[in-house]
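Undergrad: What follows is a protein structure lacking sequence information:
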């Protein structure tokens with residue numbers, strides 16, 4: 001303990017602690033000031049005052065006071081504890097742990113400090129320390145249930161399940177008659193289920209099953225009991241008992257797919273890959289026929305057979321499944337049946353069935369073989385399904401014809417407009433897709449999902465300003481963009497970041513991508529409060545699952561996309577660093593006077609717009625501050641709204657490496673992780689790291705075009721380097737040469753021969769031909785014409801699918817855009833790029849990138865030219881498109897250079 005205080009001041013100090021715990025901070029400050037008037041150097045009071053000020057967001061003063069208090073009383077465990085709490089509030093957990101350990105050196109049996117230390121050790125996954133701290137807590141307070149449970153969980157997390165089981169059994173032995181109080185029955189039941197899961201995890205299945213049956217009366221959650229029992233029975237091979245239990249579970253919930261899968265496993269009729277023999281299919285058919293009679297209202301029992309039935313049986317089953325759903329009008333029918341399109345031949349059968357239903361509905365008003373008339377909406381839903389079907393098969397012309405027919409039939413159905421927007425997006429007309437999505441949104445202004453779909457389409461069309469205005473319609477008034485950030489609206493930030501990246505605005509793109517990364521950091525921090533809550537509430541199984549989820553959190557799709565985007569931004573920033581203002585002025589002086597004047601006018605408009613937005617924000621914040629009736633926390637204004645400071649990093653590749661490490665750890669099975677790793681390390685001239693990326697690419701997919709590019713680029717670059725001089729360089733060269741011998745693609749071949757072999761193997765694939773052509777140009781730049789010829793000789797053959805209304809083509813829009821980018825940027829051949837563009841415009845008539853004859857840019861241009869009069873015979877802006885926003889028309893200028901810039905690198909980047 002530090003310097004002792006007189007009785008009166010001692011009571012005041014207790015009041016400070018109590019005021020802090022009850023969040024009466026002003027009362028606590030008043031008591032601290034009273035003590036400091038008489039004892040200005042009392043360390044513990046100074047520390048507590050600093051801790052109180054920290055809660056009032058006065059951090060600089062807080063740190064200064066706490067450090068002063070610690071300096072005045074280094075041997076006070078209170079001062080060290082307070083210093084640790086201060087660091088913990090700022091998420092400086094390692095520093096906080098150091099402070100707690102210093103406090104425990106002074107007062108090793110302090111329960112509060114030990115408890116706080118254990119929480120931080122769980123957060124930081126210091127599992128050995130966590131076990132040690134929980135053991136000390138249990139030793140000090142063995143009559144506290146939470147200490148027993150915490151000690152057991154600590155051993156479980158530290159991969160010692162058997163020890164955790166022993167601790168739980170010892171805790172049970174402390175209970176009177178092995179029975180908990182009535183008000184703790186639920187918690188005790190959860191503890192027993194956790195103990196049984198530990199036994200199962202340790203491989204003691206028979207003991208776990210025996211313990212489960214023994215404790216049945218004490219487990220409150222009967223469903224969890226049944227699921228645990230059937231899991232143990234099947235693992236032990238008691239399949240007959242398992243079958244009975246699964247049938248019992250199905251009687252409780254006949255729509256649970258896991259129960260059907262378990263029942264099939266018990267009967268020996270389950271295949272991970274979904275391949276069954278004819279005998280197995282017959283047995284499965286009989287099984288589900290009997291289950292269908294028992295659970296005739298279950299949708300799962302009717303849907304599951306569609307996965308294993310084939311031929312005429314599949315056709316009959318799928319038709320009987322589709323009919324009532326079309327009559328009922330279920331919009332998600334296509335999503336439900338979508339997995340069947342991966343089964344060979346089933347997509348053709350689905351097309352045949354639904355076209356037959358459509359024809360019958362048009363001719364007789366009912367289904368084939370039925371005398372009953374269907375409601376008029378049934379035909380609309382059949383057309384709705386067919387539109388999605390043809391869109392899935394890349395036959396957008398037919399899909400648009402079907403959806404237009406459905407819209408004519410029922411022009412008030414919002415789902416039709418949303419699907420048409422999606423079809424137009426897949427066809428490459430992002431402007432028309434955004435317009436259609438906005439039309440759907442205006443039909444129901446209270447639907448948040450449709451609003452979000454519209455925002456996504458606008459961002460895909462690079463209409464960021466309009467998308468922001470639409471997105472904030474469902475946020476709180478005032479801090480609109482901050483509200484989207486606070487809601488952790490990651491899909492919006494990712495789509496916005498990708499749009500900014502396509503437009504070359506690296507600052508704003510980085511701002512959005514790093515915001516997503518910040519959300520994941522917040523999610524990691526959010527687990528802190530659960531370390532004590534879950535032990536108290538005994539939700540132990542869920543708690544351990546949550547910790548495991550947190551350990552793999554950065555493998556989530558959204559984080560991966562944000563990290564990919566951030567790395568691409570940093571690579572572009574390294575290749576084209578932002579220029580200082582002096583250099584920009586020099587470049588402007590070189591422009592012709594007319595262009596210089598236009599550029600300055602644009603800059604002035606942008607500055608005026610930014611100034612106006614800042615003034616509006618200032619007025620809003622002042623108005624909110626002036627409001628006395630509602631006291632709320634005013635958030636600080638973002639000092640870098642456009643991400644300009646993010647562009648001023650000294651080493652962009654160093655920043656990119658931070659995200660690459662996370663990608664390599666949590667997303668090692670994605671090609672793009674290693675492609676970006678290769679690009680970064682080649683720029684950093686770290687040959688071995690680049691070689692490691694190439695090796696990983698070959699491991700994942702040796703035949704992928706990007707793998708071939710990286711392989712050839714690496715050895716071509718290494719071959720062009722001067723001979724090794726230093727010992728380290730010689731070692732690296734020897735390692736590279738040894739590694740090259742292990743690659744079958746390069747064994748006893750030159751790079752040109754390897755590239756030619758790759759081309760011959762994959763000459764029927766457009767993307768592989770483009771990769772071979774690009775590498776030919778890299779290896780021998782004088783063969784540019786030959787390389788271009790390799791691409792132009794590609795043939796877009798029809799796919800081998802038997803669509804009843806016409807075949808689909810082999811080439812994908814995304815691939816053709818990538819090839820155009822290669823011709824335009826890498827080959828720098830504008831004539832070849834133009835020829836490719838004209839050729840692809842025929843294959844993709846709706847594509848705004850290629851300027852297809854049916855795309856919105858061309859049709860709008862024709863429309864404006866026909867309406868042009870001599871009075872306003874000025875320049876026509878073919879890129880301005882009208883959109884409806886809450887019934888009011890607005891002009892969008894967000895489609896500059898539709899033929900080249902709008903959607904370039906939509907997927908390339």
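TA: Done, it's in. Bear in mind the structure is a predicted one, so any value in this text is a computation, not a measurement.

Undergrad: wait, isn't residue 318 in contact with residue 348?
TA: No: counting by C-beta atoms under 8 Å, residue 318 sits too far from residue 348 to count as a contact (11.8 Å). Every residue, glycine included, has its C-beta placed from N, CA and C.

Undergrad: Quick check: residue 724 is in a helix.
TA: No: with DSSP: H, G, I helix; E, B strand; the rest coil as the criterion, residue 724 is assigned coil and is not in a helix.

Undergrad: per-residue pLDDT, it?
TA: Among the per-residue scores, residue 724 shows a pLDDT of 76.

Undergrad: Distance-wise, check it relative to residue 712.
TA: In this view, residue 724 and residue 712 are 21 Å apart by C-beta to C-beta, to the nearest Å.

Undergrad: Compare those two (neighbour count), which wins?
TA: Using other C-beta atoms under 10 Å as the criterion, residue 724 and residue 712 rank with residue 712 on top: 25 against 13.

Undergrad: And for the helix or strand hosting residue 778, what's in contact with it?
TA: Residue 778 is located in helix 766-779, with elements delineated by DSSP states H and E. With C-beta atoms under 8 Å, 6 or more residues apart in numbering as the test, helix 766-779 has contacts from 703, 705-706, 708-709, 712-713, 716, 751-752, 755-756, 758-759, 761-763, 783-784, 786-788, 790-791, 794, 796, 810-811, 815-816, 818-819, 822, 826-827.

Undergrad: just the buried members of those residues?
TA: 705-706, 708-709, 712-713, 751, 755, 758-759, 762, 784, 787-788, 790-791, 794, 810-811, 815-816, 818-819, 822, 827 (16 or more other C-beta atoms under 10 Å).

Undergrad: What are the boundaries of the helices in the stretch 551-700 of the chain?
TA: Using DSSP state H, counting those that start in this stretch, the helices of the stretch 551-700 of the chain run over 557-575, 581-590, 593-626, 652-666, 671-683, 687-701.

Undergrad: any idea which of the ones you listed scores lowest on pLDDT?
TA: Taking the mean pLDDT of the helices of the stretch 551-700 of the chain, helix 581-590 comes last: a mean of 53.

Undergrad: about what we covered before: now, which of the contacts of helix 766-779 lie within helices?
TA: Cross-referencing the contacts of helix 766-779 against helices under DSSP state H gives 705-706, 708-709, 712-713, 716, 751-752, 755-756, 758-759, 761, 784, 786-788, 790-791, 815-816, 818-819.

Undergrad: Quick check: nearest residue in space to residue 187, chain neighbours excluded?
TA: With sequence-adjacent residues excluded and distances taken as C-beta to C-beta, 6 or more residues apart in numbering, residue 187 is closest to residue 538, at 3.8 Å.

Undergrad: Now find how far off-centre stretch 157-173 is within its chain.
TA: 37 Å (C-alpha atoms, centre = their mean, to the nearest Å).

Undergrad: Using neighbour counts, pick out the buried residues of that stretch.
TA: Applying 16+ other C-beta under 10 Å to stretch 157-173 flags 157, 158, 160, 161, 163, 164, 165, 167, 168, 171, 172 as buried.

Undergrad: Among those, which one lies nearest to residue 510?
TA: Among those, residue 157 lies closest to residue 510 (C-beta to C-beta), at 36.2 Å.

Undergrad: Quick check: pLDDT value at the closest one.
TA: Residue 157 is given a pLDDT of 94.

Undergrad: now it: how far from residue 150?
TA: 11 Å.
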